[in-house]
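Enquirer: Sequence below, structure please.
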Amino acid sequence: MANSYRLRVVLAVAAGLFPEVLLLVVLAARGAVSIWLVVAVSGAGFMIGAIAAAAVVGDWYRRAERIDAVAEALEARQAPPHLMRQNRDALARAEHRLLDAADSVVSEVQSLTDQRDEFEAILRSMTEAVVVTGSRGEVVLLNGAARRMFALDHETRYAGRDFVELCRDPLLQDFVAQAMRNASEVLSSEFLIQNPAQHHVAASAAPVSMTHHGAWVFVFHDVTQLKAYETVRTDFISNLTHELRTPLAALYGYAETLMQGVDDSELQRRFLGIIDRQARRLARLLDDLISLSDLERGHSALHFENLEAPSVISEAAELMKVAAAREGVHLEVQPPEGLLKLFGDHDRLHQVMLNLLDNAIKYTPRGGHVSASAKTATLNGGGKAIPAVALLIADTGEGIPERDIPRLTERFYRVDRARSRELGGTGLGLAIVKHIVQLHQGSLKIESRVGVGTTVTVTIPAAESQRLAV
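Expert: Residues are numbered from 1 along each chain as shown. Down below sits the predicted model:
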């Protein structure tokens with residue numbers, strides 16, 4: 001390229017010298033000047049012109065290379081190489097202005113890149129699903145949470161597709177359509193979508209301006225878990241109110257009757273007995289509520305120590321013998337010797353055994369059998385087997401339908417509500433057992449067959465597992 005520029009300039013110089021050379025040749029032909037003088041002058045002029053032209057072309061070419069390097073750097077989104085600081089002519093000043101403009105452009109591009117990276121990092125870290133659409137409802141961008149909520153492929157590009165293609169749920173599509181009709185308002189709503197999975201969604205849509213085209217930002221927050229918590233809270237308040245109302249109504253009714261006067265002493269004793277039973281039931285309910293609340297909030301400190309499994313079983317069984325005899329149930333204790341020691345809180349594990357034995361005796365008919373035993377077991381901890389001891393309470397009672405077993409540890413859940421209240425249960429026993437077992441890093445398993453009986457297995461890490469962990 002440089003040679004081409006040089007040839008053109010040399011030809012231009014030669015063309016400029018041609019009239020003078022032609023004049024000298026005419027003069028030499030008329031004898032006015034010597035032909036050698038013509039040759040010498042022409043040759044010298046051509047040589048000087050060619051050298052000057054080559055120097056100028058070389059300078060132009062070097063400047064062209066520098067400008068070309070600036071252009072390549074800008075295309076690659078890189079800082080351009082600095083041009084030579086030459087202020088001798090207009091071209092040098094133009095080069096400097098080009099360099100300053102290029103530096104400004106690169107700085108702006110870098111700033112925009114940083115902002116884009118920050119924006120993408122924020123979108124990736126958001127738990128809310130975010131979808132940005134264009135004026136026609138086409139997807140401009142979406143984050144990972146949106147892909148997860150709408151079960152979209154992580155590798156597929158959805159830019160340019162219609163938003164309604166991401167989720168075919170009619171409620172969501174109605175929300176999107178309504179948002180696009182309100183071009184100047186922020187729209188919020190909460191609804192349940194069924195596709196691709198059931199989610200309670202709190203959605204908001206805000207219009208934004210992208211150059212000369214309208215766009216919308218949709219934010220979807222999955223509140224399914226929050227709704228579940230609200231349902232649990234509502235059910236708990238409803239159940240608690242019902243549980244409190246029953247004994248309070250009995251206390252109020254029979255106390256009012258006695259205050260009005262009852263002449264029959266036998267009837268008075270019967271009424272007082274009912275009041276006593278309902279007051280005790282109310283006290284048990286409040287005690288269980290306080291105990292469960294302390295366990296859930298971690299306000300009940302556990303004092304771990306090495307415990308003998310046979311002692312844990314025997315102590316609880318000894319206290320329940322009178323209740324078993326009263327109900328006509330045979331209580332058998334089978335604590336084998338040679339078991340590993342438990343690592344747990346004595347009082348809390350004693351509470352677990354009492355609750356389980358109490359349930360077994362209550363729901364076993366007269367003449368039935370309840371046994372308490374223990375055996376060596378293992379727990380899965382971090383992918384490895386942990387030595388443990390399993391405490392088993394088995395009965396030959398009524399049994400529990402399979403569909404009800406997963407819900408037995410819920411607060412106030414009863415398979416037979418009327419019979420449970422008749423027996424004086426609070427509906428909190430197994431919930432307390434579950435929390436105590438969880439605090440011991442153990443497991444709770446309930447197996448039952450209707451008409452055959454129920455076996456509850458509580459597995460607690462052994463003291464040996466704590467030594468191995470250390």
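Enquirer: Assign a three-state SS to Glu185, would you?
Expert: Recorded secondary structure, Glu185: coil (DSSP: H, G, I helix; E, B strand; the rest coil).
Enquirer: That one: what's it in contact with?
Expert: Shown in contact with Glu185 (C-beta atoms under 8 Å, 6 or more residues apart in numbering): Pro207. In this view, the C-beta of every residue, glycine as well, is placed from N, C-alpha and C.
Enquirer: Please apply the same query to Asp395.
Expert: Ala360, Ile361, Tyr363, Thr364, Gly368, His369, Val370, Ser371, Gly453, Thr454, Thr455 are the contacts of Asp395 under C-beta under 8 Å, 6+ apart.
Enquirer: Please name the nearest non-neighbouring residue to it.
Expert: Ala360 (4.0 Å; C-beta to C-beta, 6 or more residues apart in numbering).
Enquirer: how deep is Ala159 tucked in, by neighbour count?
Expert: By other C-beta atoms under 10 Å, the residues close to Ala159 number 11.
Enquirer: for His303, what are its contacts?
Expert: Asp345, His346, Asp347.
Enquirer: and with 6 Å instead?
Expert: Counting by C-beta atoms under 6 Å, 6 or more residues apart in numbering, His303 makes contact with Asp345.
Enquirer: how about it, phi and psi?
Expert: The phi/psi pair for His303 (degrees, to the nearest 10) reads phi -110, psi 100.
Enquirer: If you rank every helix and strand of this protein by mean pLDDT, what lands last?
Expert: helix 417-422 (a mean of 49; mean pLDDT, DSSP states H and E).
Enquirer: Would you map out the domains in the chain?
Expert: Structural domains assigned to the chain are 2-108, 126-222, 227-297, 304-469, following automatic domain parsing.
Enquirer: Worst mean pLDDT among the ones you listed?
Expert: Set side by side, these give their lowest mean pLDDT on domain 2-108, at a mean of 63.
Enquirer: coming back round to it: ok, the residue nearest to Asp395 to His330 distance?
Expert: Look at Ala360 and His330: by C-beta to C-beta, to the nearest Å, they are 11 Å apart.
Enquirer: Comparing the two, which shows the higher neighbour count?
Expert: Ala360 (27 against 13).
Enquirer: Quick check: which element contains that one?
Expert: Applying DSSP states H and E as the criterion places Ala360 in helix 346-362.
Enquirer: What's the separation between Arg161 and Leu251?
Expert: In terms of C-beta to C-beta, Arg161 sits 66 Å off from Leu251.
Enquirer: Neighbour count: the two, which is higher?
Expert: Leu251 (17 against 14).
Enquirer: Compute the inter-axis angle for the helix or strand containing Gly273 and helix 346-362.
Expert: Gly273 is part of helix 265-297 when elements are defined by DSSP H and E. On the basis of axes from the mean of the first three to the mean of the last three C-alpha atoms, to 10 degrees, helix 265-297 is oriented at 130 degrees to helix 346-362.
Enquirer: Give me the helices and strands touching helix 265-297, please.
Expert: Other helices and strands packing on helix 265-297, by 3 or more C-beta pairs under 6 Å, 6 or more residues apart in numbering; DSSP states H and E, are helix 224-260, helix 429-439.
Enquirer: would you turn the ones you listed into TSV with distance to Ala206?
Expert: What follows is the helices and strands packed on helix 265-297, written out as TSV (distance: least, C-beta to C-beta, whole Å):
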stretch	distance to Ala206
helix 224-260	22
helix 429-439	43
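Enquirer: do you know which of the ones you listed lies nearest Glu305?
Expert: Ranking the helices and strands packed on helix 265-297 by proximity to Glu305 (C-beta to C-beta) places helix 429-439 first, at 14.5 Å.
Enquirer: Show the subsequent helix or strand relative to the closest one.
Expert: With DSSP H and E setting the assignment, the helix or strand that follows helix 429-439 is strand 443-449.
Enquirer: Just the buried residues of that following strand, please?
Expert: Counting neighbours by 16 or more other C-beta atoms under 10 Å, one finds that the buried residues in strand 443-449 are Ser443, Leu444, Ile446, Ser448.
Enquirer: Nearest to Glu337 among the residues you listed?
Expert: Looking across these and measuring by C-beta to C-beta, the closest to Glu337 is Ser443, at 23.8 Å.
Enquirer: residue boundaries of the strands in the stretch 51-200 of the chain?
Expert: Using DSSP state E, counting those that start in this stretch, the strands of the stretch 51-200 of the chain run over 129-133, 139-142, 187-193, 199-210.
Enquirer: so which of the ones you listed is the most packed in?
Expert: Of the strands of the stretch 51-200 of the chain, the one with the most neighbours on average (mean count of other C-beta atoms under 10 Å) is strand 129-133, at a mean of 22.
Enquirer: Each with direction, which strands does it pair with?
Expert: As defined by DSSP bridges, the strand partners of strand 129-133 come to strand 139-142 (antiparallel), strand 213-222 (antiparallel).
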